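Participant: Fold the stuff below for me.
(chains A and B)
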Amino acid sequence: MARRVFPNEEGPLDAPVFGGREFPNEEGPLERLEPEAGTATENATAAPLIGLTEEGAYQIKLDVFEGPLDLLLFLIKKKKVEIQDIPLALITREYLAYLQERERINLDREAEFLLMAAILIYIKSQILLPRETPIDPDIDPRKERPDRSGDYERVKVVSAVLRDKEEEQSTIWRRTALNAPLPEEDLDLIEVSLFDLAESFFAMMKRKQAAPQRVLKTKEISVADKTKEIVETLKERGFLDFLEYLDAQETLEEALVAFFCLLELIKARLVLAVQEQLFHTIKVWLRKEPAGEDA
Amino acid sequence: MDELKNILEALIFISVEPLTLEKIKEVLNDVPEEEILQALLNLGTELESAPRAIRLVQTGGGWVFMTKPAFDPPVRKLLQIERRKKLSPAALEALSAVAYHQPVTQTDIMTIRGVDSTHSLHTLLENKLIKISGRKDAPGRPLLYKTTEKFLTYFGLNSLEELPREEELKKILEEGNA
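Facilitator: Numbers count the residues shown, from 1 in each chain, chains lettered A, B, ... in the order given. Now for the predicted structure:
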């Protein structure tokens, strides 16, 4: 194989990678990733830089390094491998060509590859940029980010501590634990009309709409499920604050469904919507006797 | 002295929320703080040692009466509560992460736990164990979360200081590894 020099955009800093070494094609577990005929230009003749192991993980094959990408990243951070020696542009091109010809991709694997490739490209771009002063060791992009794996261990310990406390707390009771009883007639409660509910709801919707929000995923919410959820919550807590509950819904759609469910429940006389005083929040109670005779 | 103790007992008895020292001082404006604290301590030990069903608990930044654990079954029967709903392990982990790193973004929690925590955070928000405390001054201005007062009372804590500290955690971890 002929010695290859990197394309100009890689800059003179890069040493030739293939430096005379042959990549044996018969290398067992590595399956060659065939770049698409159209996109493969000069690389087509070169041995592939990326291969797949039997387990389906990516392997990088270079003169200076051979192995998975995360190991490469690790070694670069430990400064055992010089980032300048890694032809990222070629690897990226080959990878993209490979992705293009795939009909199905393994999202987890690609995400992992992309993340590491992006970190590598970032590191390299920082190293290649001309600087007036040498890189401050504190902001050296190769520097290891603080290891957060210890954080998780700690979180697990704290979880266990909190679980014990929760257990302990669940056997002792204070007065607030008592649900306020279903309001009696003489409490002078105002049973609210549909208009009050709708008015509150739309005021909240407007507020919600004003707040910027992005919908990244849509979840199918059925009226039946939501109704069940509302009844469960009511059974557990005794009452719901109408607006607060709708406000806590993840999306507008979900809030709409919840609103609809509440209306249905009120209509079926399973729950009661009341205001303790004018202008107070509207509370929704579970009726003790479902659908009793009218007052 | 005994009179002060009785007054405090009455005040705590009628308070639904934990009665704070500030509130007590408002009512008893000419009694020095040390005397109040001493009386509370006496009241607490007296209730604890006596064959009574009630104990004095300092929680959520104030004092409140609570039933002793032995009376859990009858109380639950009265309240018609089968069993208190517990937080899921995932929610508990997310909550621990918030408690130790607050104010914290969803991404941070995800980094710590290594899994998506959207649902857990949502549950915690709805249970009012955490709240949104603002936005981080970083790209995307992500929301920041922190724990609430209810978080403290839910776990019977007075303040975040009562959570195990760094050294204690290290000790527990080392014991666990040994």
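Participant: To what extent is residue B:128 buried, counted in neighbours?
Facilitator: 14 (other C-beta atoms under 10 Å in any protein chain shown). Backbone N, C-alpha and C define where each C-beta goes, glycine included.
Participant: where in chain B is pLDDT low?
Facilitator: B:1, B:83-84, B:176-178 (pLDDT under 70).
Participant: Do you have the strands of it handy? List them.
Facilitator: Ranges of strands in chain B, per DSSP state E, are B:54-59, B:62-67, B:104-105, B:130-135, B:143-147.
Participant: counting contacts, what elements does the shortest one pack onto?
Facilitator: It refers to strand B:104-105. On a contact count with 3 or more C-beta pairs under 8 Å, 6 or more residues apart in numbering or on different chains; DSSP states H and E, strand B:104-105 meets strand B:143-147.
Participant: picking that back up, I'd like the strands of chain B as JSON lines, with mean neighbour count appended.
Facilitator: Listed next are those as JSON lines, based on neighbours: other C-beta atoms under 10 Å in any protein chain shown:
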{"stretch": "strand B:54-59", "mean neighbour count": "18"}
{"stretch": "strand B:62-67", "mean neighbour count": "20"}
{"stretch": "strand B:104-105", "mean neighbour count": "20"}
{"stretch": "strand B:130-135", "mean neighbour count": "16"}
{"stretch": "strand B:143-147", "mean neighbour count": "20"}
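Participant: could those go into TSV alongside distance to residue A:79?
Facilitator: Listed next are the strands of chain B as TSV, based on distance: least, C-beta to C-beta, whole Å:
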stretch	distance to residue A:79
strand B:54-59	52
strand B:62-67	55
strand B:104-105	31
strand B:130-135	37
strand B:143-147	35
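Participant: So which bits of the stretch 51-200 of chain A are right by chain B?
Facilitator: A:148, A:151-159, A:161-163, A:165-166, A:168-179 (C-beta under 8 Å from any C-beta of the partner chain).
Participant: List the ones among those that fall in helices.
Facilitator: Using DSSP state H, the subset of these located in helices is A:151-159, A:161-163, A:165-166, A:168-169.
Participant: Just the buried ones from these?
Facilitator: A:151-152, A:154-159, A:161-163, A:165-166, A:169 (16 or more other C-beta atoms under 10 Å in any protein chain shown).
Participant: residue contacts, residue 124?
Facilitator: Went with chain A since none was named. Residues near residue A:124 by C-beta atoms under 8 Å, 6 or more residues apart in numbering or on different chains: A:83-84, A:86, A:88.
Participant: my bad, the chain I had in mind was chain B
Facilitator: Residue B:124 touches B:91, B:94-95, B:98, B:130, counting by C-beta under 8 Å, 6+ apart.
Participant: One more pass at 7 Å, please.
Facilitator: B:91, B:94-95, B:130 (C-beta atoms under 7 Å, 6 or more residues apart in numbering or on different chains).
Participant: Tell me the most packed of those, by neighbour count.
Facilitator: residue B:94 (32 neighbours).
Participant: Do I have it right that that one meets residue B:116?
Facilitator: No - with contact defined as C-beta atoms under 7 Å, residue B:94 does not count as touching residue B:116 (10.2 Å).
Participant: Pull up the overlap in contacts between these two.
Facilitator: With C-beta under 7 Å, 6+ apart as the test, residue B:94 and residue B:116 reach no residue in common.
Participant: picking up where we left off before, between the strands of chain B, which one is closest to residue A:255.
Facilitator: strand B:130-135 (17.1 Å; C-beta to C-beta).
Participant: now the strands: where do they sit in the stretch 51-200 of chain A?
Facilitator: Ranges of strands in the stretch 51-200 of chain A, per DSSP state E, counting those that start in this stretch, are A:58-61, A:66-67, A:190-191.
Participant: Mind putting these into TSV with mean neighbour count and mean pLDDT?
Facilitator: What follows is these, written out as TSV (neighbours: other C-beta atoms under 10 Å in any protein chain shown; pLDDT from 0 to 100):
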stretch	mean neighbour count	mean pLDDT
strand A:58-61	19	83
strand A:66-67	15	84
strand A:190-191	13	65
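Participant: These into TSV, with extra columns for distance to residue B:5?
Facilitator: What follows is those, written out as TSV (distance: least, C-beta to C-beta, whole Å):
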stretch	distance to residue B:5
strand A:58-61	72
strand A:66-67	73
strand A:190-191	43
